[in-house]
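S.K.: I need the structure of the sequence given here:
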Amino acid sequence: MADAPREAWITGIGIVSALGEGPDAHWQRLGEPPNTADTTKFAPYVVHPIVPIDFDQQIPKKGDQRQMEPWQRIGTYAAGLALASAGAKGDTELLGRMDLVVAAGGGERDFAVDGAILSGMRTAENPGRFLNERLMGDLRPTLFLAQLSNLLAGNISIVHGVTGSSRTFMGEEAAGIDAVRIGLSRIGAGQSDIVLVGGAHNGERKDLLLLYEAGGHALKGGFAPVWEREALGGGMALGTLGAFLVLEAPRHAQARGAKPIARLTHVASDRSRREDRSVTASLARMWDEIAPRLTPDGLAVISGASGAESATRDEREFLRKVAKVPARATGTLLGHGLEAQFAMNVALAALAVSRGSLFAPGSTAEVEAPMTAPLRQAVVTGVGHWRGEGLALIEAAP
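M.R.: This is a model prediction of the structure:
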């Protein structure tokens, strides 16, 4: 008979967002739901800007900082916080065999080059030739295809010395789900003893707002909680955030004296066809996988709903009809961080479970009911604004 999968403990959390820096700052702000949305800087679009960060605290070399784009600095900083939280920072031997799983998007645009190309094409005699010549001559080599997405992992390795195996996933929300899933799977299969997993996202980018507006996914015209955006036409309020977790096999953690914050016991991912109510069905299937483990009296949902319709409508229906437990949409409080959102929500779920209580509602929607019972389990949902669904189960530490 095959050995049962090993359990995974969350022994380190590193998070930065519009709510603050680190677990304690986030927990304090979650207790008093703030409005961190900025409706003016990128009007008519809504963003949740990150708090000011002293990057020197986790990236001491200015040269390292200069060669990173903002999202890489945010991710490398959050990774350093997670390593410090786990008691692993500076432990060369441990970091040398720590595996790394990152969820990342593509590189940030060079606005000056984009503007010059768009302006020049309007008067170019041969726009196609002009475009090809400018793209070949003006783009930095690191912007070629998907190469830049790997640089976050590279910078974490360089700055923090994490030099075990490394994997980078691309694909918006689904990438974040699969990064956590693979990290857990490696622990469970005995392929890793300790894994650093997470991602980062810079939502304060005009190119991203243009991209999501073109797809009809950007929230504009004012702020509303995630569940209450249907009247505004739905949409994502992008958030700038970084989130990393240290996942560890219990015996390995115990051997070095590390304490668990919470247990990560299950992660599932799916890719529905996004036909009528298919998101609801996808989440229900994954929920059925963990249903035998759930104790409804001590259970809540930490939702990664983006606000984009119809995905958010379908998830709300799932929460109302299937889950039937209090839920919290973190996108209302810190924005939507795409690749980094799932790791962030796993981190917030672990904090809530470790403290035995669910934070206050951020909406008057029916699904965000108050909860007074002690919290022992939290289910994290991740529903991509366009594709990809996922679910994780976080439980109280033993």
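S.K.: how about the helices in the stretch 151-300 of the chain?
M.R.: Secondary structure of the stretch 151-300 of the chain (DSSP state H, counting those that start in this stretch): helices at 151-160, 172-189, 206-214, 250-255, 278-290.
S.K.: Put together TSV for the ones you listed, with mean neighbour count, distance to Ala18 and mean pLDDT on each row.
M.R.: In short, each C-beta sits where N, CA and C put it, glycine included. Below are those laid out as TSV (neighbours: other Cβ atoms under 10 Å; distance: least, Cβ to Cβ, whole Å; pLDDT from 0 to 100):
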stretch	mean neighbour count	distance to Ala18	mean pLDDT
helix 151-160	21	20	96
helix 172-189	24	18	97
helix 206-214	16	16	92
helix 250-255	15	31	97
helix 278-290	19	26	96
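S.K.: want to throw those into TSV with distance to Lys41?
M.R.: Supplementary listing: the helices of the stretch 151-300 of the chain in TSV, determined by distance: least, Cβ to Cβ, whole Å:
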stretch	distance to Lys41
helix 151-160	25
helix 172-189	23
helix 206-214	10
helix 250-255	42
helix 278-290	31
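S.K.: could you point out where the stretch 51-200 of the chain is predicted with low confidence?
M.R.: For the stretch 51-200 of the chain, applying pLDDT under 70 flags the ranges 139-147.
S.K.: hmm, 50 instead?
M.R.: 142, 145-146 (pLDDT under 50).
S.K.: now the strands for it?
M.R.: 99-103, 166-169, 194-201 (DSSP state E, counting those that start in this stretch).
S.K.: Please produce a markdown table containing those, extended by mean neighbour count.
M.R.: Formatted as a markdown table, these follow (neighbours: other Cβ atoms under 10 Å):
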| stretch | mean neighbour count |
| --- | --- |
| strand 99-103 | 29 |
| strand 166-169 | 18 |
| strand 194-201 | 31 |
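S.K.: Just put these in JSON lines and tack on distance to Ala392.
M.R.: Formatted as JSON lines, those follow (distance: least, Cβ to Cβ, whole Å):
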{"stretch": "strand 99-103", "distance to Ala392": "14"}
{"stretch": "strand 166-169", "distance to Ala392": "15"}
{"stretch": "strand 194-201", "distance to Ala392": "12"}
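S.K.: follow-up on the earlier one: nearest to Thr92 among the helices of the stretch 151-300 of the chain would be which one?
M.R.: The closest of those to Thr92 is helix 151-160. By Cβ to Cβ, the value is 10.7 Å.
S.K.: mind checking how far the closest one is from the chain centre?
M.R.: In terms of Cα atoms, centre = their mean, to the nearest Å, the centre of helix 151-160 is found 18 Å from the chain centre.
S.K.: That helix - contacts with which helices or strands?
M.R.: helix 62-66, helix 70-85, strand 99-103, strand 166-169, strand 194-201 (3 or more Cβ pairs under 8 Å, 6 or more residues apart in numbering; DSSP states H and E).
S.K.: nearest to Glu368, of the ones you listed?
M.R.: Of those, nearest to Glu368 by Cβ to Cβ is strand 194-201, at 23.8 Å.
S.K.: CA atoms only for that closest one, dumped as PDB, please.
M.R.: The C-alpha coordinates for strand 194-201 follow below in PDB (Å, rounded to 0.1, in the frame of the first residue of the first chain):
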ATOM      1  CA  ILE A 194      10.300  22.900   2.800                       C
ATOM      2  CA  VAL A 195       8.900  25.100   0.000                       C
ATOM      3  CA  LEU A 196       8.600  28.900  -0.400                       C
ATOM      4  CA  VAL A 197       5.500  29.600  -2.500                       C
ATOM      5  CA  GLY A 198       3.800  32.800  -3.600                       C
ATOM      6  CA  GLY A 199       3.600  35.700  -6.000                       C
ATOM      7  CA  ALA A 200       3.400  39.500  -6.500                       C
ATOM      8  CA  HIS A 201       1.300  41.900  -8.500                       C
END
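S.K.: Which secondary structure elements does it sit against?
M.R.: Going by 3+ Cβ pairs under 8 Å, 6+ apart, strand 194-201 lies up against helix 70-85, strand 99-103, helix 151-160, helix 172-189, strand 241-248, helix 341-355.
S.K.: Indicate which one of these is closest to Ser278.
M.R.: The nearest among those, by Cβ to Cβ, is helix 172-189 at 14.7 Å.
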